[in-house]
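Colleague: Pasting the sequence and the predicted coordinates here, then a few questions.
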Amino acid sequence: MVIDVFLAERYGLLGDNKWESITIQSFYSNIHFLRERTFSEVADVPADRRKGTRETFLKYTLKKFLQDHEFHLQENGNNGHYVGNKLSLADLHLSNVVHFYGTLPWGEMALDKFKNYEAVWKVKETVDKLPEVIAWRNSDKFKGYEKGSLKWYSRLAIPGEEPHEIQ
């Protein structure tokens, strides 16, 4: 996380003042915490418990995250950004984490939850429209990483459920 913040500062992704920087870093950290919770609550549990822990994660952990972030993003004007009206580290990280859910065997369930929160989903869509992000995600290198992620995370499938393909 330290290198992310260092690079974000260098490339102007931490806002225009100390308050914006702290706010962006707080949301960045919270988004990172959600990804960590995905592993500790769902992925890194015995296979026979994954279905139950997944349901709990989707119903409580992810829901609370989405409600909190939706509130803030609505307060910021539902403009596709966490702070002000320009790209930040938090915006990029949310888009990346939402994309990460698409690589999980049960990712569609999580993505369906994200889509129910207009302002959260708008951040993802805003970042996804950036020419640099489009070029990166269309690159062979990124597609190779994504294919590797799908293969790696397929081991986390719930017994009896088939992993999905990225659309």
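Modeller: Arrived safely, thanks for sending.
Colleague: Return the list of helices and strands in contact with the longest helix along the chain.
Modeller: With secondary structure taken from DSSP state H, the chain has its longest helix at helix 18-38. Using 3 or more C-beta pairs under 8 Å, 6 or more residues apart in numbering; DSSP states H and E, the elements in contact with helix 18-38 are helix 2-10, helix 62-75, helix 89-101. Using the backbone N, CA and C atoms, a C-beta is placed for each residue, glycine as well.
Colleague: want to throw these into CSV with distance to residue 21 and mean neighbour count?
Modeller: Listed next are the helices and strands packed on helix 18-38 as CSV, based on distance: least, C-beta to C-beta, whole Å; neighbours: other C-beta atoms under 10 Å:
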stretch, distance to residue 21, mean neighbour count
helix 2-10, 8, 13
helix 62-75, 16, 16
helix 89-101, 9, 21
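Colleague: rank the ones you listed by mean pLDDT and give me the bottom one.
Modeller: When the helices and strands packed on helix 18-38 are compared on mean pLDDT, helix 2-10 scores lowest, with a mean of 89.
Colleague: Now do that helix against helix 89-101, angle only.
Modeller: Interaxial angle of helix 2-10 relative to helix 89-101 (axes from the mean of the first three to the mean of the last three C-alpha atoms, to 10 degrees): 130 degrees.
Colleague: residues in contact with the most centrally placed residue in the chain?
Modeller: Centroid-nearest residue in the chain: residue 97, 2.1 Å away (criterion: C-alpha atoms, centre = their mean). Contacts of residue 97 were listed using C-beta atoms under 8 Å, 6 or more residues apart in numbering, and they are 31, 32, 34, 35.
Colleague: Give me the distance between it and residue 103.
Modeller: Look at residue 97 and residue 103: by C-beta to C-beta, to the nearest Å, they are 11 Å apart.
Colleague: who touches both of these two?
Modeller: Between them, residue 97 and residue 103 share no contacting residue, judged by C-beta under 8 Å, 6+ apart.
Colleague: if we can go back for a sec, any idea which of the contacts of residue 97 is the one closest to residue 58?
Modeller: Taking C-beta to C-beta as the measure, residue 58 sits nearest to residue 34 out of the contacts of residue 97, at 11.9 Å.
Colleague: quick one, what contacts that closest one?
Modeller: 61, 62, 65, 97.
Colleague: Read off the pLDDT value for it.
Modeller: Note for residue 34: predicted pLDDT of 94.
Colleague: Next up, the contacts around residue 43.
Modeller: Contacts for residue 43 (C-beta under 8 Å, 6+ apart) come out as 50, 104, 153, 156.
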